[in-house]
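Asks: I'll drop the sequence and a predicted model, then ask my questions.
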Amino acid sequence: MTNRFVSQLAAAAVLIAALACADDFAEPEGNPEPFATMVGAGDIAACGESAHEATAQVLDTIPGTVFTTGDNAYPDGTAQQFADCYEPTWGRHKGRTRPSPGNHDYHTPGGAAYFAYFGTNAGDPSRGYYSYDLGDWHVIVLNSNIDIGTNSPQLLWLRGDFAAHSTLCAVAYWHHPRFSSGQHGSDDSIQPIWDALFEAGVDVVLNGHDHNYERFAPQTPTGAPDAARGIREFVVGTGGKTLRGFGGVAANSEIRNSDTYGVLKLTLRSTDYDWDFIPGSGQFVDSGTGTCHP
């Protein structure tokens, strides 16, 4: 037997041993459970103020879809204000942003500058409401600046959208909150939206308008606690515009803060979700886990 052949046998033996050891540390078959991430806030960019830069820097560190809960550019949602105030900060993430409009965006008639700035990511400019899928979740974006009555085109579209999608988990966002302890308070005019969302089994609602952060326990459209089928609402008006305090505490409000700018991150899995309020300027944090309705 030649020395060269002996060397080849020895090398083969070393390779076989190495592979055997590698098997001992092999990853288990299958992939970890997939998840998707969405992160954002509302009441965002005002020239002459700086907090929206701090919250944009938080976005810089978090992958996923960026949502906005309205009032994107102050004070009037003009093209100039989007260019000078929003674009240098949150505009860094425009390509991955799925926005919703607020009342300040509509100070420019029809929200024209808002729709021109965000383009197709904002949906049809004649409507401003749309939906998309994110991981295993269905996401609904509504426009509370136009007719939201029970028989309005928007609500008829919403019911049709639910009929066309059968995902277990769903989240909806828009500007004006149905429930709030902030200065604007709870808005009864939003109840038709909540009626439709509750009927369809939506799990989470995100709003802005009040410049603070508030989390509610799951509840019905009329504000009754409902741990089994209720919708959990977050008010996230903490994107950068001057924060405001609270009046009285609304029923089912679990936590409130009005001194920390930040963003809400949702980690969406196939049957549940995590929430994390991440500060950009301030110390307040909030986190937890919820389960999708069966």
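Replies: Structure's in. What do you need?

Asks: Grab the nearest non-local neighbour of residue 37.
Replies: Nearest residue to residue 37, sequence neighbours excluded (CB to CB, 6 or more residues apart in numbering): residue 64, at 3.0 Å. C-beta here means a position set from N, CA and C on the backbone, and glycine is covered the same way.

Asks: okay but the one you found is in contact with residue 93, surely?
Replies: No - when contacts are counted by CB atoms under 8 Å, residue 64 is not listed as touching residue 93 (10.0 Å).

Asks: got a list of what residue 213 touches?
Replies: Going by CB atoms under 8 Å, 6 or more residues apart in numbering, residue 213 touches 234-238, 255-258, 260, 262, 264, 277, 284, 286.

Asks: 7 Å instead, please
Replies: Contacts for residue 213 (CB atoms under 7 Å, 6 or more residues apart in numbering) come out as 235, 236, 238, 256, 257, 277.

Asks: Which of those ranks first by neighbour count?
Replies: residue 238 (34 neighbours; other CB atoms under 10 Å).

Asks: ok, that one touching residue 41?
Replies: Yes - in this structure, residue 238 is within contact of residue 41 by CB atoms under 7 Å, at 5.1 Å.

Asks: So what does residue 83 have for phi and psi?
Replies: Dihedral pair for residue 83: phi -70, psi -40, per degrees, to the nearest 10.

Asks: no wait, residue 54
Replies: According to degrees, to the nearest 10, residue 54 has phi -60, psi -40.

Asks: Look up the pLDDT of it for me, please.
Replies: Here, the pLDDT recorded for residue 54 equals 98.

Asks: From what I see, it and residue 279 are in contact.
Replies: No - contact between residue 54 and residue 279 fails when scored by CB under 7 Å: they sit 8.5 Å apart.

Asks: quick revisit: okay, and which of the contacts of residue 213 map to helices?
Replies: Among those, no residue falls in helices (DSSP state H).

Asks: Does residue 136 touch residue 167 like I think?
Replies: Yes - using CB under 7 Å, residue 136 is in contact with residue 167, at 6.3 Å.

Asks: Would you map the strands across the stretch 1-150 of the chain?
Replies: Taking DSSP state E, counting those that start in this stretch, the strands of the stretch 1-150 of the chain run over residues 36-41, 45-46, 65-68, 73-74, 97-98, 130-134, 137-141.
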